[in-house]
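*Asks:* fold the following for me, if possible:
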Amino acid sequence: MAGDGYVTNNITNPNSNNSKKPKDKKKKKTKRGGSKKKMTVEQTLAFKSVTEWVFLDQPHNTSSSSSCVVDDFGVQKTLVRGGDKVVFELHSHSKFSDGYLSPSKLVERAHTNGVSDIGLVFFLPCLDTYSEQVKVLALTDHDTMSGIPEAIETARRFGIKIIPGVEISTIFSPRGSESEEPVHILAYYSSCGPTRYEELEKLLADIRDGRYLRAKDMVLKLNKLKLPLKWEHVVRIAGKGVAPGRLHVARAMVEAGYVENLKQAFARYLYDGGPAYSTGTEPLAEKAVQLINETGGLAVLAHPWALKNPVAVIRRLKDAGLHGVEVYRSDGKLAAYSDLADAHGLLKLGGSDFHGRGGHGESELGSVKLPVLILNDFLKVARPIWCSAIKDILQSYAEEPSDSNLSRITRLGRARIFKANYPLICGKELIDHCLSLWLTTEEKQSAEFEAMKLKLSDVSINQGGVSVPIETK
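*Replies:* Take a look at the predicted model:
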């Protein structure tokens, strides 16, 4: 995508041979965060569009009246009285895959932790004192969306917006003599989740089943290498109902004393092609990208720097419908992958890939700098896709107000949709409420939505989520 929105480019790499040391004389003290500069017209418009989406489901959207500035790092801020720093986090994991925290604890950490002077930050008039917290969190567990409802429910308490996501394990099979390699695809969905949910879930379930076989094979290989790791140990670490992955095997190895740390477990035994490495039953990367597109999601290539041949992967997946590539990390933008994204007309995104394991080797939640133009590009591509998916799901219910179609609407956020004080909700009111939570004013301007409300005017829904015809005399 076009420009990132950086206003200056005066930061040098301290490890670069070309970086010059500043002169000792007359050193000037600068305030942390760099100097403040007015945002360009383009950045201001992008900022307004992004914040409208971030706060559309909150009672008072205050993003419109603000004084915008940008610091030396290209981080856009809005300065108003008091404030709340808003950070986007687009790649995180919970205990439902290989993370260490429950979805609730992850959301709580996102709310209370924040990262000073990094991340895409907006100051907004919410509190009397300045605080830092993630405001948009994508939960992207490996091959499961089971943690999303818990994350959404907890996020309600903190005013955090959840992007339902998943990181899908796939295999890229090059043409020719090159060997296959694992490729991870991030999928980002609308607030009501994927269309054709059952089809996506079948793909994910097949991958999870394969992960059990893969983890067992890893344990068997370790046993043959004279490391008597127990399968029960791995399962206990993974937790009930969670398909074990390499990280769970590595954690069991550390606990059993076979390696000193996770890094050593991967470096010696579990790296791609390593002596204890094993493949699962992952689908082809192209198939996963196509299914993400067909189910109303945005497909983004995760950590391309880990690939043997990222050029071939990106070229092939672009043809299959890939929307973007992770380019930003907590240590900055990777120019080579940014150029690749530009060359193929792909979004440039990034996230911390937070797992919660601690230590110096892990990036913190919200630690990736995403300029406002980058986020605006992301939402300009994502929002029409998500709006269409929401329309399809609501339309299915309007055409046939069955319990199964209603469950597609409420699958990820039942408590947020149903009002506790109302025993019955009119179908029209349900549509209005969902649209107010999920879409902007402009996106709601649709004759199709009005027709849905008219069709559902004689349908009521009880708190159990069951459609009940309204009796008319």
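*Asks:* by contact count, what packs against whichever strand or helix holds residue 450?
*Replies:* In this assignment (DSSP states H and E), residue 450 forms part of helix 447-455. Here helix 447-455 touches helix 372-399, helix 427-438, going by 3 or more CB pairs under 8 Å, 6 or more residues apart in numbering; DSSP states H and E. For every residue, glycine as well, the C-beta is placed using N, CA and C.
*Asks:* off-centre distance for it?
*Replies:* How far helix 447-455 lies from its chain's middle: 31 Å, per CA atoms, centre = their mean, to the nearest Å.
*Asks:* ok, stretch 429-448 next?
*Replies:* 23 Å.
*Asks:* quote the end-to-end distance of that stretch.
*Replies:* End-to-end span of stretch 429-448 (CA to CA, to the nearest Å): 15 Å.
*Asks:* got it, and stretch 256-275?
*Replies:* Stretch 256-275 has its terminal residues 18 Å apart, counting by CA to CA.
*Asks:* what lies in contact with that stretch?
*Replies:* With contact meaning CB atoms under 8 Å, 6 or more residues apart in numbering, stretch 256-275 is reached by 179, 181-182, 218, 221-222, 225, 227, 229-230, 233, 246-247, 249-251, 253-254, 276-277, 357, 361.
*Asks:* which of those are buried?
*Replies:* With neighbours counted using 16 or more other CB atoms under 10 Å, those contain these buried positions: 181-182, 218, 221-222, 227, 229, 233, 246-247, 249-251, 253-254, 276-277.
*Asks:* in which helix or strand does the residue nearest to the spatial centre of the chain reside?
*Replies:* By CA atoms, centre = their mean, the mean C-alpha position of the chain lies nearest to residue 138, the distance being 2.9 Å. Take DSSP H and E as the rule and residue 138 turns out to sit in strand 131-139.
*Asks:* helices and strands around the helix or strand that that strand is followed by, which ones?
*Replies:* Toward the C-terminus, strand 131-139 is succeeded by helix 148-158 as the next helix or strand (DSSP H and E). Judged by 3+ CB pairs under 8 Å, 6+ apart, the packing partners of helix 148-158 are helix 103-112, strand 131-139, strand 161-172, helix 414-417.
*Asks:* now the shortest one: buried residues?
*Replies:* When you say that, I think you mean helix 414-417. Neighbour-count burial for helix 414-417, counted by 16+ other CB under 10 Å, picks out 414, 416, 417.
*Asks:* isn't residue 285 right up against residue 183?
*Replies:* Yes - Residue 285 is within contact range of residue 183, at 4.5 Å (criterion: CB atoms under 8 Å).
*Asks:* if I look at these two, which residues touch both of them?
*Replies:* 170, 171, 172, 313, 317.
*Asks:* now render the helices and strands packed on helix 447-455 as a markdown table, adding mean neighbour count, mean pLDDT and distance to residue 303.
*Replies:* Formatted as a markdown table, those follow (neighbours: other CB atoms under 10 Å; pLDDT from 0 to 100; distance: least, CB to CB, whole Å):
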| stretch | mean neighbour count | mean pLDDT | distance to residue 303 |
| --- | --- | --- | --- |
| helix 372-399 | 20 | 95 | 17 |
| helix 427-438 | 19 | 88 | 29 |
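*Asks:* need these in CSV (columns: distance to residue 211).
*Replies:* Output for the helices and strands packed on helix 447-455, formatted as CSV (distance: least, CB to CB, whole Å):
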stretch, distance to residue 211
helix 372-399, 27
helix 427-438, 32
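*Asks:* tell me, how many residues neighbour residue 342?
*Replies:* By the criterion of other CB atoms under 10 Å, residue 342 has 16 neighbours.
*Asks:* what about the helices in the stretch 201-350 of the chain?
*Replies:* 231-238, 246-256, 262-265, 285-294, 310-320, 335-343 (DSSP state H, counting those that start in this stretch).
*Asks:* can you list those helices in a markdown table and add mean pLDDT and distance to residue 143?
*Replies:* Output for the helices of the stretch 201-350 of the chain, formatted as a markdown table (pLDDT from 0 to 100; distance: least, CB to CB, whole Å):
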| stretch | mean pLDDT | distance to residue 143 |
| --- | --- | --- |
| helix 231-238 | 94 | 13 |
| helix 246-256 | 94 | 13 |
| helix 262-265 | 93 | 20 |
| helix 285-294 | 98 | 10 |
| helix 310-320 | 96 | 18 |
| helix 335-343 | 96 | 24 |
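*Asks:* got those helices as a markdown table, with distance to residue 99 columns?
*Replies:* Formatted as a markdown table, the helices of the stretch 201-350 of the chain follow (distance: least, CB to CB, whole Å):
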| stretch | distance to residue 99 |
| --- | --- |
| helix 231-238 | 11 |
| helix 246-256 | 9 |
| helix 262-265 | 13 |
| helix 285-294 | 21 |
| helix 310-320 | 25 |
| helix 335-343 | 25 |
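*Asks:* and those helices: which comes nearest residue 164?
*Replies:* Nearest of the helices of the stretch 201-350 of the chain to residue 164, taken as CB to CB: helix 285-294 at 12.3 Å.
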